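sharing a model that was predicted from the sequence below.
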Amino acid sequence: MKTFLTSLAGVAISLSLLGTSQAASLGDGGSCSARQDDSFFSVVGVQGTGVQPRLELRELQKDTETWNLFIQAFARFQAMNQTDKLSYFQIAGIHGAPFGEWDGVKGDGLLGFCPHVSNLFGTWHRPYLALFEQILHDRAVNIANEFPAGTAREQARKAADKVRLPYWDWAVDPPNSTDGCMPASLRQKTTSVTFPNGTMGEIPNPLYEYDFHPLNFDDFSVLEELEFKYWNSTIRYPANGYATNATSRNDEVNARIGAQQVNNRDMLYKLLTVYQPFNEWSNKANGGKIGNIETLHDGIHNSFGLGNMGIIEVSAFDPVFWFHHANIDRLIAIYQTRYPNTYVEDSQQVKATYSMVKNSTQGTASVLAPFHMNAKGDMWTSTTSRNWESFGYTYPELMNNPSNDTLTLTINRLYRPQYQGLNKNNTLTTLPPIQNITAPPSQNQTQTLNQTADAIDWMCEVNMPTDIQNKMTYSVRVFLGEPNANPKLWATDKNYVGQVATLSSPRMDSNMTITANIVLTDMLAKRFKAGELKSLEKAAVNEYLQENFYWGIQQVDSTEILRAKAPKGLNVTVLSVPVHLPQSEHEVPRWIGNFTYHPDIVGKPPAGGNGSATIGGASGVDSTASSTLGSVETLDPSSMVELSSILNPSSTLGPSSNLGPSSATGLLPTLTAVSTVIRTLPSDPLTPPSTVIRTLPSGTLAVAGASTSTPGDAQLSTEIQVIDGVTRTVVVTMDVTVVETSYVTATVAA
């Protein structure tokens with residue numbers, strides 16, 4: 001792709017903003033990065049072509065002329081010199097790395113401009129996307145002007161007028177079930193275009209990746225624990241995110257997002273139809289009880305694994321970032337239209353950005369740095385960017401100022417859940433048009449549809465800290481039925497229901513807990529149809545969930561975080577609420593009554609989720625550990641599995657063990673002897689290392705172990721400090737090179 005980009009870079013590029021007075025505009029062949037009279041660059045979106053709709057990617061592709069210009073414009077945008085202030089590289093870098101000023105706006109710290117976990121999350125991205133769209137449209141105009149004078153050029157200019165940044169709707173039911181939720185246009189390495197001279201050709205698909213030209217090691221060296229500084233192009237869901245030669249796996253991304261689609265749709269439907277103040281609805285810093293759009297947004301980033309999209313600082317370099325965020329802006333605009341009287345309110349910032357101080361109070365008048373409205377340096381604010389049409393775009397659902405009734409109908413047609421609730425009379429309910437449901441032969445009960453009967457909506461509430469110890473993006477995944485023992489297969493497991501994810505980074509320290517929900521109703525209804533759930537009575541559903549409700553914790557690199565080492569403040573609780581069912585497509589379900597929490601539905605951990613399958617295979621405090629530590633009658637077996645496994649002289653650490661984070665907490669008697677486990681590594685790399693224990697007179701228990709995986713050894717080092725007195729702290733750190741890296745901390749208090 002670099003050869004193609006280099007050739008494009010040689011084309012004279014000009015910035016010609018139609019119908020606007022733009023101090024930064026230059027003639028043909030000028031440099032976009034230059035300023036005239038030391039003025040600032042004016043972010044105005046696309047002016048002079050009317051308010052045009054941003055279309056869904058698959059819809060835009062149907063307009064072959066506009067799509068052709070869009071693809072070539074995107075490629076030229078990416079080909080711009082990376083030192084140019086208006087290049088793809090520089091604009092993507094505003095969001096995070098390489099951490100520097102833009103358009104004269106200076107800041108402090110190794111952070112990007114983007115305010116995540118903030119009341120400005122949604123409104124900040126609006127001028128950001130408008131800036132991107134502005135340059136993209138300009139490239140399209142340049143290409144249109146290269147068509148032969150006359151009819152061909154006139155048609156190309158009309159097509160260029162319609163070029164806007166498309167959105168990717170990952171929540172809607174995919175139009176083609178065989179294609180999946182991720183459009184093929186994002187997954188194909190090459191694509192066909194018709195050049196201005198009339199010839200057709202195959203070019204590297206600019207929507208597939210961004211090639212750095214050149215890749216500058218120092219631009220991403222601050223991300224020292226990750227390998228982005230070695231990747232010549234953006235990567236999606238690599239098999240090994242710590243490898244310097246990682247490659248994209250777009251089909252895996254498509255499968256993961258496809259498995260999540262139903263829950264994304266159902267949760268989005270609730271977010272669009274249940275009122276919450278904008279400050280609660282739009283971001284996770286002030287997130288409401290049922291969730292918020294930023295957390296739903298985080299889940300899409302999480303689906304790309306430890307690729308660029310999974311890490312805040314480098315996510316904007318992946319082309320898919322822009323289509324994902326155009327969709328988020330669209331959903332915000334829909335919510336603004338549905339609830340016009342609620343908007344950004346003052347809120348304290350829980351984290352800093354490149355230009356914003358932590359703990360400062362920001363509101364509608366706060367500047368959305370670094371985006372200037374005009375050449376004299378006035379900046380956009382949440383107030384001035386409230387009307388998206390001022391940037392020259394709208395969305396299909398919002399054209400012609402729809403009434404709330406019309407907008408509700410549109411939301412129902414796009415995102416209505418298949419099932420609205422579970423009725424105590426064993427009825428399944430859908431929005432019109434209603435389809436008959438046939439009960440399985442083994443079921444004696446009669447399944448009927450009743451639109452007016454009240455029903456029960458089932459969800460699980462997830463409370464989780466935004467950051468964990470290693471500041472890695474992570475998620476809570478929920479299942480109805482035991483999931484695969486391999487965490488890497490959780491996201492596509494047949495029993496998978498959905499996730500709540502939080503997008504994080506090594507430089508974020510918001511230190512707060514968010515709340516969001518995962519819908520269970522749809523999956524429960526399907527289990528009822530299949531005959532697995534025998535009744536929709538509340539008591540029967542409760543009993544079914546006690547037996548079949550599972551949840552686990554997973555980092556973005558697919559490493560499991562054991563339940564025993566759940567971040568402080570993380571909990572998952574099943575809840576139910578009565579719902580009044582709609583009687584027409586112009587209505588939405590309405591919760592009535594109070595939420596009922598079901599603390600008796602604890603949720604089972606996945607296989608190994610309590611520590612047993614990860615280290616040593618222990619399932620409780622065993623007798624060998626008892627002889628080492630003395631009496632252990634006061635220990636809680638369920639919480640001491642990890643520690644007992646480590647101290648078990650007969651336990652082994654098998655090859656390629658999934659060494660996820662874990663912990664153990666319990667009561668210890670006085671230690672009469674301190675022991676050390678010494679490992680002996682066999683010559684056969686597929687044979688687990690052996691372990692022996694010996695007693696030492698010192699107060700330190702040093703444990704050394706090894707896990708192997710061809711082609712080399714993965715080293716394990718552990719140190720346990722024993723502090724005489726009331727409190728004893730056990731710290732176990734596992735550094736597995738070659739395979740993966742994990743950290744385990746266990747605290748034991750007497």
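Here it is on my side, so go on. Numbers count the residues shown, from 1 in each chain.

give me the pLDDT for Thr408.
On the pLDDT scale, Thr408 is placed at 96.

got the buried residues for the host helix or strand of it?
Using DSSP states H and E, Thr408 sits within helix 404-415. Neighbour-count burial for helix 404-415, counted by 16 or more other Cβ atoms under 10 Å, picks out 407-412, 414-415. For the C-beta atoms, the positions are set from N, CA and C on the backbone; glycine is no exception.

between those, which sits nearest Glu202?
Of all these, Leu414 has the smallest distance to Glu202: 34.2 Å, by Cβ to Cβ.

and the closest one, what does it touch?
Counting by Cβ atoms under 8 Å, 6 or more residues apart in numbering, Leu414 touches 169, 171-172, 397.

just the buried subset of the residues you listed, please.
169, 171-172, 397.

pull the most distant pair out of those residues.
So for the buried ones among the contacts of Leu414, where distance means Cβ to Cβ, the most widely separated pair is Ala171 and Glu397, at 13.1 Å.

what about stretch 169-187, distance to the chain center?
Its chain's C-alpha centre and that of stretch 169-187 lie 17 Å apart, by Cα atoms, centre = their mean, to the nearest Å.

ends of that stretch, how far apart?
15 Å (Cα to Cα, to the nearest Å).

show me where the stretch 301-450 of the chain has its strands.
Under the criterion DSSP state E, counting those that start in this stretch, the stretch 301-450 of the chain contains strands at 347-348, 361-362, 367-372, 379-381, 393-394.

how about the ones you listed, which one is nearest Phe89?
Of those, nearest to Phe89 by Cβ to Cβ is strand 367-372, at 15.6 Å.

Asn387 - how many residues pack around it?
By the measure other Cβ atoms under 10 Å, the count of residues near Asn387 is 12.

looking at the chain, which helix or strand is least sure?
helix 623-629 (a mean of 25; mean pLDDT, DSSP states H and E).

so this protein: which segments form each domain?
The chain is divided into the following domains under automatic domain parsing: 2-398, 418-598, 623-749.

what's the least confident stretch among those domains?
What stands lowest among the domains of the chain, in mean pLDDT terms, is domain 623-749, with a mean of 30.

tell me which of the strands of the stretch 301-450 of the chain is the most buried.
strand 367-372 (a mean of 24; mean count of other Cβ atoms under 10 Å).

outside of it itself, list whatever touches it.
Contacts for strand 367-372 (Cβ under 8 Å, 6+ apart): 40-43, 94, 101-105, 107, 113, 120, 123-124, 126-128, 131, 354-356, 378-382, 385.

at 10 Å what do you get?
24, 39-44, 94, 101-107, 113, 115, 120, 123-128, 130-131, 353-356, 362, 373, 378-382, 384-385 (Cβ atoms under 10 Å, 6 or more residues apart in numbering).

show me where the stretch 1-150 of the chain has helices.
2-9, 57-60, 64-79, 88-95, 121-144 (DSSP state H, counting those that start in this stretch).

elements contacting the third one?
Think helix 64-79. Applying 3 or more Cβ pairs under 10 Å, 6 or more residues apart in numbering; DSSP states H and E, one finds that helix 64-79 contacts helix 2-9, helix 57-60, helix 88-95, helix 121-144, helix 151-161, strand 190-194, strand 200-204.

what's the closest of these to His301?
Among these, helix 88-95 comes nearest to His301, with 11.9 Å by Cβ to Cβ.

using CSV, write out every CA atom in the closest one.
Output of helix 88-95 as CSV, limited to C-alpha atoms (Å, rounded to 0.1, in the frame of the first residue of the first chain):
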residue,chain,number,x,y,z
TYR,A,88,-4.7,12.0,8.3
PHE,A,89,-1.8,11.3,10.7
GLN,A,90,-1.9,14.6,12.4
ILE,A,91,-5.7,14.7,12.8
ALA,A,92,-5.8,11.1,14.1
GLY,A,93,-3.0,12.1,16.5
ILE,A,94,-5.2,14.8,18.1
HIS,A,95,-7.1,12.0,19.9
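
other SSEs contacting it?
Using 3+ Cβ pairs under 10 Å, 6+ apart: helix 88-95 touches helix 64-79, helix 121-144, helix 320-338, strand 367-372.

quick one: which of the ones you listed is nearest Asn286?
Asn286 lies closest to helix 121-144 among the helices and strands packed on helix 88-95, at 10.0 Å (Cβ to Cβ).

got the buried residues for that closest one?
Buried residues in helix 121-144 (16+ other Cβ under 10 Å): 121-144.

off-centre distance for stretch 382-399?
Distance, stretch centre to chain centre, for stretch 382-399: 25 Å (Cα atoms, centre = their mean).

and it, which residues are buried?
Neighbour counts over stretch 382-399 (16+ other Cβ under 10 Å) mark 382, 384-386, 388, 390-395, 397-398 as buried.

dump those residues into CSV; add distance to Gly201 as well.
Formatted as CSV, those follow (distance: Cβ to Cβ, whole Å):
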residue, distance to Gly201
Ser382, 44
Thr384, 43
Ser385, 39
Arg386, 43
Trp388, 36
Ser390, 38
Phe391, 33
Gly392, 31
Tyr393, 30
Thr394, 33
Tyr395, 32
Glu397, 36
Leu398, 37
